[in-house]
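> My questions concern the predicted model and sequence given below.
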Amino acid sequence: MAFSEEIIRSRQNKNVVELCKLTDRKAREATHLFRFDGIKLLDEAIKNDVYIKSVFLREGEEARILAELEEKHGFDVRERFERIFLVSNELFEKISEEKSPEGVITIAKYIDKFQKNATIYNSVNFSQMKNERIVLLESVRDPSNIGAVIRSAAAIGIDRLILSDDCADIYHPRAVRASMGTLFNQCIDRVNDLTEVIAGLRKSGRRVFAATLDEHAVELGRFEILAGDCVVIGNEGHGLSDSVCKACGNSVIIPMSERAESFNAAVAASILMWEFAKRK
């Protein structure tokens with residue numbers, strides 16, 4: 001661990017430039033690095049053995065933050081950081097993405113224990129997923145919704161999330177923030193062709209339900225959910241594509257009052273995950 005006691009005051013500092021670039025997806029994918037703000041997320045990253053490249057601490061708060069983390073983990077957490085930088089108050093306010101910055105920003109590497117988080121892949125091991133609770137997402141574009149779904153999936157006990165390749169980046173700062181650190185221990189796959197995965201799941205003996213309103217859709221709560229059943233949640237505005245709906249073979253809707261036309265994608269996902277996770 002390299003700890004520079006020199007206080008960074010310029011936004012042109014090469015380490016600050018590297019940090020700020022990570023708000024862009026292309027920069028994240030080129031470097032396999034991502035950023036997040038706040039002590040809670042850093043705490044969860046340490047807990048889950050995420051590789052931490054750089055930690056930026058606000059001038060005057062470094063002792064408090066490091067002491068708080070050491071008390072939680074029982075060791076000097078500086079051993080887990082590749083580099084630590086001190087940043088002036090004025091500069092920290094400019095580079096933080098929080099409305100009320102907590103005094104710490106972190107750069108971490110993509111999560112190695114779930115390699116498929118970082119890349120799109122085509123080969124799915126359906127035998128490995130035999131006893132897993134699985135939820136699929138198609139074209140969910142809002143990073144905050146993706147993060148919220150990840151958080152709910154972890155809380156409910158979903159073993160695996162499978163995302164189409166046009167879903168929002170799970171390493172977007174808003175997705176990481178909304179996940180509240182559950183991103184660091186949730187198994188997540190990205191795939192080129194969601195219909196192929198659905199076909200494979202059905203061939204392995206599972207039922208797959210499209211969360212969509214069509215003439216054959218059955219209200220949630222009016223049919224028996226079986227162990228192994230999966231559900232697919234779609235885009236915030238347009239729902240699921242016709243190809244995915246056709247691939248599923250079954251469809252489900254969440255009953256709601258006439259005062260609303262739809263649920264937020266993350267809320268709908270949470271309701272469906274809760275019901276489908278009851279059967280293992």
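Cool, the structure landed.
> what about the stretch 101-250 of the chain, any weak spots by pLDDT?
112-125, 127 (pLDDT under 70).
> Okay, helices next: where are they in it?
Assigned by DSSP state H, counting those that start in this stretch, the stretch 101-250 of the chain shows helices spanning 143-156, 173-179, 194-203, 242-248.
> Show me what the second one packs onto, helices and strands only.
Contacts of helix 173-179 with other secondary structure elements, assessed using 3 or more C-beta pairs under 8 Å, 6 or more residues apart in numbering; DSSP states H and E, are made with strand 33-37, helix 143-156. No exception for glycine: its C-beta is placed from N, CA and C like everyone else's.
> what's the most buried one of those?
Burial of the helices and strands packed on helix 173-179 is given as mean neighbour count (mean count of other C-beta atoms under 10 Å); strand 33-37 ranks first at a mean of 24.
> Describe which strands it pairs with in its sheet and in which direction.
For strand 33-37, the paired strands and their directions (DSSP bridges) are strand 104-109 (antiparallel).
> Now do the end-to-end distance for stretch 13-32.
21 Å (C-alpha to C-alpha, to the nearest Å).
> same thing with stretch 67-79?
Span of stretch 67-79 from end to end, C-alpha to C-alpha: 13 Å.
> Same question for it: list its buried residues.
69, 77 (16 or more other C-beta atoms under 10 Å).
> Also stretch 257-271?
Those buried within stretch 257-271 under the rule 16+ other C-beta under 10 Å are 263, 265-266, 268-271.
> so which of those residues would you say is closest to Ser179?
Ala266 (10.9 Å; C-beta to C-beta).
> For the nearest residue to Met129 once chain neighbours are set aside, name its beta-bridge partners.
Once flanking residues are discounted, Met129 sits nearest to Arg160: 6.3 Å by C-beta to C-beta, 6 or more residues apart in numbering. Beta bridges link Arg160 to Ile134, Cys187, judged by DSSP bridges.
> The host helix or strand of Leu69 packs against which elements?
In the assignment (DSSP states H and E), Leu69 maps to helix 62-73. Contacting helix 62-73 under the criterion 3+ C-beta pairs under 8 Å, 6+ apart are the following elements: helix 39-47.
> May I have stretch 175-183 exported as CSV, CA atoms only?
C-alpha atoms of stretch 175-183 as CSV (Å, rounded to 0.1, in the frame of the first residue of the first chain):
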residue,chain,number,x,y,z
ALA,A,175,-26.1,1.2,-10.1
VAL,A,176,-23.3,0.5,-7.6
ARG,A,177,-24.8,3.0,-5.2
ALA,A,178,-28.4,1.6,-5.5
SER,A,179,-27.1,-1.9,-4.9
MET,A,180,-25.8,-0.8,-1.5
GLY,A,181,-22.8,-3.1,-1.9
THR,A,182,-24.8,-6.3,-2.8
LEU,A,183,-23.3,-6.1,-6.2
